[in-house]
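S.K.: predicted model follows, preceded by the sequence.
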Amino acid sequence: MKRILKFTLIGTALAFALSSPLMAAEVTSVNQAREETAKAIAVLVNDPTFDATLREQLSKGKAPLADVLRNYAGQGTQARENVTTGLRDLERQAIRLRGLDGTLDALFDIRVHGVDKDQPITSIRGFWTATVSKDQATGQKQVVAYDPSGREQRFSLDAAPDVPMLIVESDSSAAIQAGMTVMNEILRNGGMQAPMASGNLRAANSVEELTILQEVRLERDHEPNIQGDAEIFAIVSGVAPDGTPRLITKDMPWLDHDKRWYKPGMDLINWTDYGTNYVNVQFFEEDGNTNFKALAVAVTKAVGNLALVVSPGAPPALIVAGVSKVGAEILGAMDEKWFQNDADYVDSFYVVERGGKYGSDVAPLVGARGEAKMVLAPYVVKSR
């Protein structure tokens, strides 16, 4: 009798989740999409089939929501298929709100938080379900959580309870990779990059001068622990050979924790892309809400207003002033939220010079904000 009652309650809960008006509604922000997804999963946690399906998909404490739902929907009932359809619709709305429609089919992950990752999870029954969202009144990040009874609770990032949770989050690594493609295409169409990443110019040169990022460290990555790993990208800006602004984005998926030195050996700057001897390098942390199309359009509009920044043959002092102005315009184009722990501005390195060797293990180059340090070295690639 108790077993029959148990499954009746699960079915009732699933039906309630399916009929929720917020589940069916159009969402207006990525935050809202994640909150509604977390609310629905808080009910699914009570379904043994969902429990087993999620645990089968977990790898290193994380599982793509789309994969979980695909297997869950295949378990046979119409209610499960309907819930899956509603959750996938929320995910696709979030993709559109991030300016990534047409580039991604899946965005959300489920990450396990508050448990020993080295120990196998035998059940997710009793886990809370949560996401990190923004308080509309204060603009501050908060944890929106649903306890095992389905009751919603909200906490500041540093006051969330230390209990096992399923965190609904964006797959920022995939989003940044797609976002860099979207941004670079818009920047290229806006005249901020040469066609085909300067391929014609490179073919005409016998050598390529690079600046290699040998080492880098973040003092603060703007990513609270409950939000998992940081996702960093950079914008390298300067002046093109024709005197117009040039901006190129760089994905850094490996730069995922602060207070740790990384030694990527990455080609941060290819000087073939630039007509002068100076560029800026600015670091940002992507926090799961960025609309990459809107960001690229805003930056293109702001920097494009500079028109011809400076002739590559101008005096060095004038070139430095022009390059610095490009960097300032990039920050000026950012929405105010970029400076409020949303998609965060980390640091800037202004007027990095071609051929320059910057910093060392004991005395690295420090950013203008003091939150990033790096070691740079020149490198020449000779054509065969």
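M.R.: Thanks, I have it. Numbering: from 1, shown residues only.

S.K.: how about Glu169, phi and psi?
M.R.: phi -140, psi 160 (degrees, to the nearest 10).

S.K.: so it bridges to which residues?
M.R.: Asp109 (DSSP bridges).

S.K.: what number of residues lie near it?
M.R.: Neighbouring residues of Glu169 were enumerated by other Cβ atoms under 10 Å; the total is 24. Glycine gets a C-beta too; all of them are placed from N, C-alpha and C.

S.K.: then Pro378?
M.R.: Residues contacting Pro378 under the criterion other Cβ under 10 Å number 16.

S.K.: doesn't Gly355 make contact with it?
M.R.: Yes - the criterion here is Cβ atoms under 8 Å, and Pro378 meets it with Gly355 at 4.8 Å.

S.K.: what sits in contact with each of these two?
M.R.: Glu209 (Cβ atoms under 8 Å, 6 or more residues apart in numbering).

S.K.: ok, Arg98 - contacts?
M.R.: Arg98 sits in contact with 30, 107, 170, 175, 179, 289-292, where contact means Cβ under 8 Å, 6+ apart.

S.K.: for the longest helix that the chain contains, buried residues please.
M.R.: Among the segments of the chain that qualify as a helix by DSSP state H, the longest is helix 78-97. By neighbour count with 16 or more other Cβ atoms under 10 Å, helix 78-97 contains the buried residues 80, 82-84, 86-88, 90-97.

S.K.: packing partners for it?
M.R.: If you count contacts as 3 or more Cβ pairs under 8 Å, 6 or more residues apart in numbering; DSSP states H and E, helix 78-97 packs onto helix 2-19, helix 21-24, helix 30-44, helix 65-73.

S.K.: how about it as PDB, C-alpha atoms only?
M.R.: The C-alpha trace of helix 78-97 is given here as PDB (Å, rounded to 0.1, in the frame of the first residue of the first chain):
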ATOM      1  CA  GLN A  78       4.000  10.400 -21.800                       C
ATOM      2  CA  ALA A  79       4.400  12.500 -18.600                       C
ATOM      3  CA  ARG A  80       8.200  12.100 -18.800                       C
ATOM      4  CA  GLU A  81       8.200  13.000 -22.400                       C
ATOM      5  CA  ASN A  82       6.200  16.100 -21.700                       C
ATOM      6  CA  VAL A  83       8.400  17.200 -18.900                       C
ATOM      7  CA  THR A  84      11.400  16.700 -21.000                       C
ATOM      8  CA  THR A  85       9.900  18.800 -23.800                       C
ATOM      9  CA  GLY A  86       9.200  21.600 -21.400                       C
ATOM     10  CA  LEU A  87      12.700  21.600 -20.000                       C
ATOM     11  CA  ARG A  88      14.400  21.400 -23.400                       C
ATOM     12  CA  ASP A  89      12.300  24.400 -24.500                       C
ATOM     13  CA  LEU A  90      13.600  26.400 -21.500                       C
ATOM     14  CA  GLU A  91      17.100  25.500 -22.500                       C
ATOM     15  CA  ARG A  92      16.600  26.600 -26.000                       C
ATOM     16  CA  GLN A  93      15.200  29.900 -24.900                       C
ATOM     17  CA  ALA A  94      18.300  30.400 -22.800                       C
ATOM     18  CA  ILE A  95      20.500  29.700 -25.800                       C
ATOM     19  CA  ARG A  96      18.600  32.300 -27.800                       C
ATOM     20  CA  LEU A  97      18.900  34.900 -24.900                       C
END
